[in-house]
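Need coordinates for the following:
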Amino acid sequence: MLTSKCQITEGWLRPHTSEPLSLCLSASDAGLVAFCSNVTSLQEDLATVPELVSALCFSGSVVIYERAFSSFPELNHLSINLKAPVISPRAFLGLDKLQYLSIHHSDTGCSNSSIPTQAFHQLEQLQTLNMKGIYLTGQRGINLPSHLKSLSISGCCLDQFSELFSIFPSLQSVPHVSVDNCEIGRFPHSLYLRQHPNFSSSRVPSSQSQERTGLYSQNKSSLQSLVLSHFPLALSELLSLEIKELDALSLEKTHHMHENQTFQVCALASHFSLRSLSFSLNYYKNFNSEELPGCYSVENLVLEDNKMEQVDPLLLYKLFYLQLLDLSGNNLYWNLCPLQYEKMNFNSQLRILDFSGNRFKSPQSTVFS
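Predicted coordinates for the structure are as follows:
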């Protein structure tokens with residue numbers, strides 16, 4: 001069904017519909033799906049959307065006022081793509097079944113919009129929250145839903161990465177967190193206050209914020225997976241995070257070529273007791289024996305596309321629990337199966353090895369025996 005600004009279809013038909021509706025990719029499992037473009041008034045432009053719609057994806061330029069979507073009580077998927085998102089603190093009230101929420105600033109760079117501290121708190125069924133292009137610098141105490149499983153932040157603006165743990169005090173209660181392509185350190189808090197003169201009235205008082213953070217720090221972290229990509233990040237900043245344990249850490253293109261010749265990858269594995277570590281596109285040239293003890297517990301290790309020139313020949317022996325090793329896209333010669341292994345009667349637990357894109361051309365038939 002096609003209206004002036006909206007297209008409506010069944011979710012299973014969405015991959016076969018026209019391009020605008022196919023942009024609502026994450027709603028593939030939904031029932032009734034509505035996609036609306038060029039929205040300038042929620043009340044008028046969404047008037048033709050059925051009350052029992054399961055997924056709503058819209059773009060335009062509009063203010064998200066209080067209880068903006070209460071007319072759609074069955075909504076479990078909501079995707080908002082606006083030029084300048086303005087969101088009321090009670091905008092999502094009434095969405096008791098919402099499981100997926102995406103808020104994107106459609107223009108290049110960060111918007112001047114802030115997120116009210118209580119905007120998401122009432123979404124008790126929300127499992128996935130995605131935000132893109134949101135100006136987070138200077139914000140504090142944004143409450144996340146208690147059952148949130150995945151938080152993805154991209155194209156954001158921050159003073160420093162660790163600031164996220166003050167912006168979202170309960171961040172460590174979210175099992176899977178991803179931060180991608182954020183601007184770090186280019187937007188001072190003083191600039192934010194000039195752009196948002198009334199912001200101080202909506203902030204959580206510092207004593208209250210510290211109290212909340214302190215109370216949370218006494219609880220066990222539920223954070224399992226942290227994925228950071230495409231923004232500068234120092235080893236010291238990661239090690240200073242108040243995270244005692246992680247299952248998986250992924251760092252992709254987080255360091256410049258001239259900064260990363262001696263980055264201690266295994267210091268991260270040891271500090272967070274990692275089982276899975278990915279460190280790719282970071283110009284990490286040498287993976288030597290000195291740091292291997294820190295990676296002893298790692299089961300999955302990805303070091304692809306780092307221009308690596310050297311690895312310890314006894315890598316598989318020293319990392320006994322290793323099951324997956326990805327060294328693809330480097331400048332390595334094959335040296336991972338030295339003759340010493342025959343004398344040591346060593347059997348590796350490795351199940352998956354990717355050595356493609358290196359200087360390894362024609363393996364001998366006995367190289368993996």
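
and S278, what element?
strand 276-280 (DSSP states H and E).

Each with direction, which strands does that strand pair with?
Paired with strand 276-280 in the same sheet, following DSSP bridges, are strand 248-252 (parallel), strand 300-302 (parallel).

Make CSV from those strands and add distance to S162 to it.
Every residue, glycine included, has its C-beta placed from N, CA and C. Putting those into CSV (distance: least, Cβ to Cβ, whole Å) gives the following:
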stretch, distance to S162
strand 248-252, 15
strand 300-302, 24
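
Go through these and name the closest to S222.
With Cβ to Cβ, the closest approach to S222 among the strands paired with strand 276-280 belongs to strand 248-252: 13.6 Å.

Could you list the residues in contact with that closest one?
Identification of contacts with strand 248-252 by Cβ atoms under 8 Å, 6 or more residues apart in numbering yields 224-230, 233, 268, 272, 274-282, 300, 302.

burial count for V39?
Neighbour count for V39, taken as other Cβ atoms under 10 Å: 19.

Actually, R359.
For R359, the count of nearby residues is 11 (other Cβ under 10 Å).

what ranges do the helices span in the stretch 201-350 of the chain?
Under the criterion DSSP state H, counting those that start in this stretch, the stretch 201-350 of the chain contains helices at 206-217, 235-239, 265-272, 315-318, 340-344.

helices or strands up against the third one?
Taking 3 or more Cβ pairs under 8 Å, 6 or more residues apart in numbering; DSSP states H and E as the contact definition, the neighbouring helices and strands of helix 265-272 are helix 235-239, strand 248-252, strand 276-280.

cool, and the last one?
Judged by 3+ Cβ pairs under 8 Å, 6+ apart, helix 340-344 has no packing partners among the helices and strands.

If we go by neighbour counts, what in it is buried?
Across helix 340-344, burial judged by 16 or more other Cβ atoms under 10 Å covers Y341.

Report the rounded mean pLDDT for it.
Average pLDDT, helix 340-344: 82.

In this structure, where is pLDDT below threshold?
Of all residues in the chain, those with pLDDT under 70 make up the ranges 1-3, 11-23, 25-30, 108-109, 111-112, 186-220, 256-263, 361-369.

which parts of the longest strand that the chain contains are buried?
Secondary structure of the chain per DSSP state E: the longest strand is strand 32-39. Neighbour-count burial for strand 32-39 flags L32, V33, A34, F35, C36, S37, V39 (criterion: 16+ other Cβ under 10 Å).

so how far is the strand holding S278 from its chain's centroid?
Distance of strand 276-280 from the chain centroid (Cα atoms, centre = their mean, to the nearest Å) equals 14 Å.

who touches it?
With contacts defined as Cβ under 8 Å, 6+ apart, strand 276-280 is touched by 247-253, 263, 265, 268-269, 295, 298-306.

can you map out the strands along the stretch 1-150 of the chain?
Taking DSSP state E, counting those that start in this stretch as the test, the strands found in the stretch 1-150 of the chain are 6-10, 32-39, 55-60, 63-64, 77-82, 86-87, 100-105, 128-132, 150-154.

Nearest to E342, out of these?
In terms of Cβ to Cβ, the element of these nearest to E342 is strand 150-154, at 46.2 Å.

Touching that closest one from outside, list them.
For strand 150-154, the external contacting residues (Cβ under 8 Å, 6+ apart) are 127-134, 136, 144, 164, 168, 171, 174-182.
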